[in-house]
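Peer 1: Sequence first, predicted model second:
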Amino acid sequence: MTLWMLDTNTTSYILKGNPPQVRRRLQQAAAGCVAVSVVTEAELRFGAARQGASPKLAEVIEQFLALARVLPWDSAAARAYAGLRARAEADGAALGALDTLIAAAAAAAGAVLVTHDSALLRLPEDLVCTEDWAA
């Protein structure tokens, strides 16, 4: 069964319900097959902690995190990160630091990274498999 790791932008689309096809695709995924990296968890919690963020947002994030598997950033992810970052730099690809950490966690877990980030979608499949549920 496929494990889907949602990056931060895809998770935000789900929380907001826009675009609606992302939430529909999530509903089609088998129970227990949807995950986020602990890096995405941190970014979501930061969004909720920012000044001016609504208490409702924090509640929605907590509800989502209670349902999704949160995968750790561990030694396997660090090994995947080294190869992914070295290859991306050699190919001239510009990846954000947190995006690289999330992609490495997906690669280490053998998960399909679900993203709408064009830089991540261009990564070679031998490094990490990607899909865009928002397309």
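Peer 2: Ah, there it is.
Peer 1: tell me which helix or strand of the protein sits lowest on mean pLDDT?
Peer 2: Of all helical and strand segments in the chain, the minimum by mean pLDDT, DSSP states H and E falls on helix 20-28, at a mean of 90.
Peer 1: can you tell me how far the residue of the chain positioned farthest from its centre sits from residue 83?
Peer 2: Computed with Cα atoms, centre = their mean, the residue of the chain farthest from its C-alpha average is residue 52, at 24.4 Å. Using Cβ to Cβ, to the nearest Å, we find residue 52 at a distance of 39 Å from residue 83. C-beta coordinates here come from the backbone N, C-alpha and C atoms, glycine included.
Peer 1: likewise residue 14?
Peer 2: According to Cβ to Cβ, residue 14 and residue 83 sit 29 Å apart.
Peer 1: follow-up on the earlier one: quick one: residues in contact with the least confident helix or strand of the chain.
Peer 2: Residues from elsewhere that reach helix 20-28, judged by Cβ atoms under 8 Å, 6 or more residues apart in numbering: 6, 10, 13-14, 17, 34, 133-134.
Peer 1: Repeat that for stretch 109-121.
Peer 2: 2-7, 9-10, 13, 35, 71, 76-77, 93-96, 99, 102-103, 105-107, 128-135.
Peer 1: would you list every one of the strands in this protein?
Peer 2: 4-6, 34-37, 69-71, 112-114, 130-131 (DSSP state E).
Peer 1: hmm, back to that, pull out the buried residues from the contacts of helix 20-28.
Peer 2: Burial by neighbour count, judged by 16 or more other Cβ atoms under 10 Å, picks out 6, 10, 13-14, 34, 133 from those.
Peer 1: of all these, which two lie farthest apart?
Peer 2: Taking Cβ to Cβ as the measure, those span a maximum distance of 13.4 Å, between 13 and 34.
Peer 1: thinking again about what came up before, please save the CA atoms from the least confident helix or strand of the chain in PDB.
Peer 2: Extracted C-alpha coordinates of helix 20-28, given in PDB (Å, rounded to 0.1, in the frame of the first residue of the first chain):
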ATOM      1  CA  PRO A  20     -11.100  21.100  -3.300                       C
ATOM      2  CA  GLN A  21      -9.600  18.300  -5.400                       C
ATOM      3  CA  VAL A  22      -6.700  18.000  -2.800                       C
ATOM      4  CA  ARG A  23      -9.200  17.200   0.000                       C
ATOM      5  CA  ARG A  24     -11.100  14.800  -2.300                       C
ATOM      6  CA  ARG A  25      -7.800  13.000  -3.000                       C
ATOM      7  CA  LEU A  26      -7.000  12.700   0.700                       C
ATOM      8  CA  GLN A  27     -10.400  11.200   1.300                       C
ATOM      9  CA  GLN A  28      -9.600   8.500  -1.200                       C
END
